[in-house]
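Colleague: With the input below, show me the fold.
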Amino acid sequence: MSEPVRLLLVDDHPIVRTGLRMLFQSEPGMVVVGEVDGGAAAVDAVQTLHPDVVIMDVAMPDMNGIEATRRIKASSPETAVLALTMHEDEQYFFAMLNAGASGYIPKRAAPDDLVSAIRVVAEGNFFLYSTLARFLIKD
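Modeller: Model prediction:
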């Protein structure tokens, strides 16, 4: 049996982190190794916890997910970052991809879509939520 995918949850809303943790606890092959409430804490946590995938909110008060993703990818290029956000506009989408995110999924997505996205980026591939792919086609 392969090792479980190690997840770090990054969101400034405790209820979101709790819901995600509950979702992943019931998911075989996934383990939450940590959760933090901001970008700066995420950068530090990646260095100590060595997650396979960081589930990253984009808009947070101390350091946004874009800057945190840029710093995580600079120091830990093997760590995949999956943006999980309420923002579904081109500005955030391209900013996260340019920062090094391996995927982008809206918070309105079904839990199964999020689980699938994690599995895709954990394998070193790229995940785009279907309704957001239009940004790339248009670009």
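
Colleague: Low-confidence stretches in the protein?
Modeller: 1, 132-139 (pLDDT under 70).

Colleague: got the residue ranges for the helices in it?
Modeller: Along the chain, counting by DSSP state H, helices occupy 14-25, 39-49, 65-75, 90-99, 111-122, 133-138.

Colleague: need those helices in CSV with distance to residue 31, can you?
Modeller: Backbone N, C-alpha and C define where each C-beta goes, glycine included. Formatted as CSV, these follow (distance: least, CB to CB, whole Å):
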stretch, distance to residue 31
helix 14-25, 7
helix 39-49, 11
helix 65-75, 19
helix 90-99, 24
helix 111-122, 11
helix 133-138, 30
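
Colleague: right, and the ones you listed - which one's nearest residue 56?
Modeller: Nearest of the helices of the chain to residue 56, taken as CB to CB: helix 65-75 at 4.4 Å.

Colleague: in that closest one, what's buried?
Modeller: For helix 65-75, a neighbour-count test (16 or more other CB atoms under 10 Å) marks 65-73 as buried.

Colleague: who's in contact with that helix?
Modeller: Under the contact criterion CB atoms under 8 Å, 6 or more residues apart in numbering, helix 65-75 has outside partners 10, 38-40, 42-43, 46-47, 54, 56-60, 79, 81, 83, 85, 92, 95-96, 99-101.
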